[in-house]
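Asker: Let's see this in three dimensions:
(one chain, ligands or ions: 2)
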Amino acid sequence: DPIIDIHSLSCTYRDRGTVLKDLDLSIREGEFVLLTGPSGAGKSTLLRCINGLFQHDGIQGTASGEVRICGMDPADTRVCDLARLVGTVFQDPDHQLFSSDVESEIAFGLEQLGVDPAKMRGRIEEAAGVVGIEHLIQREVNALSWGERQRVAIASVIAMHPKILLLDEPTSGIDQSGAGHLVSVLKRLNEEIGLTIVVAEHRYEHFSRVCSRLVSIQDGTVCYDGLPVRPDLQV
Ligand code: ADP
Ligand code: ADP
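Answerer: Ligands and ions are numbered 1, 2, ... in the order given. Presented below is the predicted three-dimensional model:
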């Protein structure tokens, strides 16, 4: 069964009209999907329907259609149960960083999940290691660069061992080498742990070589779904 299964999803913001229109998308466990399309196409809205924010976060909008994440409807699933399944890295890391130092930031989500305190240290070190921030563990979050704060955000999310990782425009605040590092971290998580990854980006270049599938949306519907293609071959 698909890990993400979406049928005829339509989303409307109260003051905005229909943003997603009758959208179908099915993603299997272990896929690495690059979700692309111009700014305003509805990529973030789609991610919010997958992580349950659209259904739970008091967004002034309505959704119709069917969304199933690991067989569950996010609308009927408690936010803390969804967090075990779906981890989200937002475009601006500061929207998800709340602690003073890196270690407590990564620990925070684990505490919410009720992870055994004896296993805490190992989980923190593992997640920090994956994104290469072991040396920053004791540092103040506020004193880190954007790219470092983004890695802290990713570590905090993957420490929770979600089945699905969503990233919204993750390369927007980092330079070319930062983007290269991010791409290789995600590639490794996908290949070694089999983590299902969906990256929303309006550009192709960073992820087109590592993703297994390219989904393009335009005006709220899927206009391309298949193997990653070069931008100049893209219809
Ligand atoms: P993308 O991520 O592809 O840039 P979004 O999903 O962010 O697209 O936005 C799709 C459309 O929905 C845009 O026109 C945007 O202005 C609108 N939109 C997004 N979020 C909201 C919101 N919370 N309230 C009203 N309109 C929104
Ligand atoms: P468990 O429920 O025992 O943690 P998982 O299926 O979550 O089992 O993990 C299996 C193995 O993969 C473990 O060794 C775990 O440390 C590693 N692992 C799982 N998810 C992640 C992740 N997001 N980042 C790094 N390692 C992970």
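Asker: can you list the residues of the protein near ligand 2?
Answerer: Residues of the chain lying close to ligand 2 (C-beta under 6 Å from any ligand atom) are Glu126, Ala127, Val130, Ile158, His161, Ile193, Leu195. The C-beta positions use only the backbone N, C-alpha and C, and glycine is treated the same way.
Asker: So the closest residue to the fourth one other than its chain neighbours, which state does it fall into?
Answerer: Here the nearest residue to Ile158 in space, its sequence neighbours aside, is Ala127; by C-beta to C-beta, 6 or more residues apart in numbering that works out to 5.2 Å. Each residue gets one of three states, and Ala127 gets helix by DSSP: H, G, I helix; E, B strand; the rest coil.
Asker: Please report how far Ala127 lies from Phe207.
Answerer: Remark: distance between Ala127 and Phe207 (C-beta to C-beta, to the nearest Å) = 21 Å.
Asker: Also Leu34?
Answerer: 4 Å.
Asker: Can you pick out the residue with more neighbours from the two?
Answerer: Shown here are Leu34 and Phe207; by other C-beta atoms under 10 Å, Phe207 has more neighbours (26 against 23).
Asker: which among the residues of the chain next to ligand 2 end up buried?
Answerer: Those of the residues of the chain next to ligand 2 that meet the buried threshold are Ala127, Val130, Ile158, His161, Leu195, by 16 or more other C-beta atoms under 10 Å.
Asker: what about Thr171, how many neighbours?
Answerer: 22.
Asker: Skipping adjacent residues, who's closest to it in space?
Answerer: The spatially closest residue to Thr171, leaving aside those adjacent along the chain, is Ala179, at 4.3 Å (C-beta to C-beta, 6+ apart).
Asker: did I read that right, that neighbour in a strand?
Answerer: No. Counting by three-state DSSP, Ala179 is not found in a strand; it is helix.
Asker: Overlap in contacts, Leu34 and Phe207.
Answerer: Val199, Glu201 (C-beta atoms under 8 Å, 6 or more residues apart in numbering).
Asker: Which residues does stretch 199-211 contact?
Answerer: Applying C-beta under 8 Å, 6+ apart, the contact partners of stretch 199-211 are 32-39, 41, 43-44, 46-47, 166-171, 179-180, 182-183, 186-187, 190, 214, 228-231, 234.
Asker: And stretch 19-27, by the same measure?
Answerer: Counting by C-beta under 8 Å, 6+ apart, the neighbours of stretch 19-27 from elsewhere in the structure are 2-13, 33, 42, 45-46, 49, 61, 63, 65, 196, 198, 213, 215, 217, 219-222, 225.
Asker: Over to stretch 153-160?
Answerer: Outside stretch 153-160, the residues within contact range by C-beta under 8 Å, 6+ apart are 83-84, 87-90, 93, 96-97, 102, 105-106, 108-110, 113, 123-124, 126-128, 130-131, 133, 165, 167, 185, 189, 195.
Asker: Show me what counts as buried in it.
Answerer: Along stretch 153-160, the positions that meet the burial threshold by neighbour count (16+ other C-beta under 10 Å) are Ala153, Ile154, Ala155, Ser156, Val157, Ile158, Ala159, Met160.
Asker: re earlier: so which pair among the buried ones among the residues of the chain next to ligand 2 is furthest apart in space?
Answerer: When C-beta to C-beta is used, the two most widely separated members of those are Ala127 and Leu195, lying 12.2 Å apart.
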